[in-house]
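**Q** kindly return the folded structure for what I paste below:
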Amino acid sequence: MNLQNMNLQETTNTSRDTWHPGMTWISGGMFRMGSEKFYREERPVREVTVDGFWIDSYEVTNEEFARFVAETGYVTLAERAPKPEDFPGAPPENLVPGSMVFQARTGPVDLRNYANWWAWVPGANWRYPKGLESSLDGLSRHPVVHVAYEDVEAYASWAGKDLPTEAEWEFAARGGLDGATFTWGNEEFPDGKAMTNSWQGEFPWQNLLTDGYEGTSPVGSFPPNGYGLFDMAGNVWEWTSDWYEPRGSDPAAKSCCMGSVNPRIVSPEKSYDPRQPRFRIPRRVVKGGSHLCAPNYCFRYRPAARQPQMIDTSMSHIGFRCVVRPGRS
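**A** You can find the predicted model right below:
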């Protein structure tokens, strides 16, 4: 199945302003955002309403991103040398173009230290996802990775689109299953079938490949959710436009900038990582989990899951999709 044929699955609706090929219309409505069952940052569950919007049916692929680069000459952040003033104390050998690449281990490691499986690889970027010795051969329909926030904003602007808010993304990911654990229901492997590209086994050394993939998978390789959207869980994390704010178990916790209708976090002030006070780099919310998520470490291939991501950091398991809101031409 190619992307052109897959896009034929979208339908039209008279309530929409314009039909957008390759996208699916989400009518909007009220849902329960978050979860009380898993990680602290997903709490509290609260009722949220979003207006209707279009969203890409698939994650943006290498093929699509290459078209954007060819037409604009855009150079991603990973292809530019970091500025020394932005990374005080960083070794000079690290101040070269590159990105963060996952390194599988051969046995159990301390899961409290992500440096045990992530490495800065000079030359790694969207064209060379594992470093200069790699290529995009056979990966045209895989989601583009190694894209920092400014890169996905540039793509969205070129495409006449936007990045989804966290609320829009989660509403779309749930596919009409309000409160369900996964995008497809509450059972992780219904009838023994893998429903997403995640990590089966002990992360980061034992990948049983029950889902059939090591690394990213071509978009649309797994069944869509109830709204006809693919890969809203696993494969790659996806950027949203919201700044990250920590939450907690207090039901009264609410940002001063975030209401219950079309909520969004518009200020970066609470997004900085308190564990790294030297680096004043704001963080956005990423959603959906990735092929590296495993129950023993990162059980986040669920719609309620959320994670902060520094806007200047690209990684081999982060991509994106876009939205169009009615009224934008």
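
**Q** and stretch 25-36, how far out from the chain middle?
**A** Stretch 25-36 sits 18 Å away from the centroid of its parent chain (Cα atoms, centre = their mean, to the nearest Å).

**Q** just the CA atoms of it, as CSV, please.
**A** Output in CSV follows, covering the C-alpha atoms of stretch 25-36 (Å, rounded to 0.1, in the frame of the first residue of the first chain):
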residue,chain,number,x,y,z
TRP,A,25,-11.3,15.7,10.0
ILE,A,26,-11.7,15.4,13.8
SER,A,27,-15.1,16.9,14.8
GLY,A,28,-14.0,17.9,18.3
GLY,A,29,-15.9,17.6,21.5
MET,A,30,-15.4,16.9,25.2
PHE,A,31,-13.2,14.2,26.7
ARG,A,32,-11.4,13.2,29.8
MET,A,33,-7.8,14.3,29.4
GLY,A,34,-5.0,12.5,31.4
SER,A,35,-4.9,9.4,33.5
GLU,A,36,-4.7,8.6,37.2
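
**Q** how about it: buried residues?
**A** Across stretch 25-36, burial judged by 16 or more other Cβ atoms under 10 Å covers Trp25, Ile26, Gly28, Phe31, Met33, Gly34, Ser35. From N, CA and C alone the C-beta is placed, and that goes for glycine too.

**Q** quick one: which of those is nearest Pro224?
**A** Nearest to Pro224 among these, counting by Cβ to Cβ, is Ile26 at 12.9 Å.

**Q** contacting residues around the closest one?
**A** Gly52, Phe53, Trp54, Ile55, Glu168, Phe171, Ala172, Tyr227 (Cβ atoms under 8 Å, 6 or more residues apart in numbering).

**Q** tell me which two of the residues you listed sit farthest apart.
**A** Trp54 and Phe171 (13.0 Å).

**Q** more neighbours, these two?
**A** Phe171 (27 against 24; other Cβ atoms under 10 Å).

**Q** list of residues touching the helix or strand harbouring Glu150?
**A** Using DSSP states H and E, Glu150 falls within helix 149-159. Residues from elsewhere that reach helix 149-159 (Cβ under 8 Å, 6+ apart): 60, 65, 68, 71-72, 74, 76-77, 147, 162-163, 239, 284, 309, 311-312, 314, 320, 322.

**Q** how about the helices in the stretch 151-300 of the chain?
**A** 166-174 (DSSP state H, counting those that start in this stretch).

**Q** ok, the most centrally placed residue in the chain to Arg264 distance?
**A** Per Cα atoms, centre = their mean, the C-alpha nearest to the average position across the chain is that of Glu238, at 1.3 Å. For Glu238, the distance to Arg264 (Cβ to Cβ, to the nearest Å) stands at 16 Å.

**Q** with Tyr297 instead?
**A** From Tyr297 over to Arg264 (counting by Cβ to Cβ), the distance is 29 Å.

**Q** between those two, point out the one with more neighbours.
**A** Applying other Cβ under 10 Å to Tyr297 and Arg264 shows that Arg264 carries more neighbours, namely 19 against 15.

**Q** what ranges of the stretch 101-250 of the chain fall below the confidence cut-off?
**A** Residues of the stretch 101-250 of the chain that meet the criterion pLDDT under 70 lie in 248-250.

**Q** where along it do the strands fall?
**A** All strands of the stretch 101-250 of the chain, identified by DSSP state E, counting those that start in this stretch, fall at 118-122, 237-243.

**Q** tabulate those strands (a markdown table), appending distance to Ser260.
**A** Listed next are those as a markdown table, based on distance: least, Cβ to Cβ, whole Å:
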| stretch | distance to Ser260 |
| --- | --- |
| strand 118-122 | 37 |
| strand 237-243 | 15 |
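
**Q** hey, which of those is tucked in deepest?
**A** Neighbour counts (mean count of other Cβ atoms under 10 Å) averaged over each of those peak at strand 237-243, with a mean of 26.

**Q** what's that one packed up against?
**A** Helices and strands touching strand 237-243, by 3 or more Cβ pairs under 8 Å, 6 or more residues apart in numbering; DSSP states H and E, are helix 166-174, strand 283-287, strand 306-310, strand 318-319.

**Q** need the winner for burial among those.
**A** strand 318-319 (a mean of 28).

**Q** strand partners of that one, parallel vs antiparallel please.
**A** Using DSSP bridges, the strands paired with strand 318-319 are strand 237-243 (parallel).

**Q** circling back to that earlier point, wait, doesn't the residue nearest to the centre of the chain sit right on Cys322?
**A** No. With contact defined as Cβ atoms under 8 Å, Glu238 does not reach Cys322; the gap is 9.9 Å.
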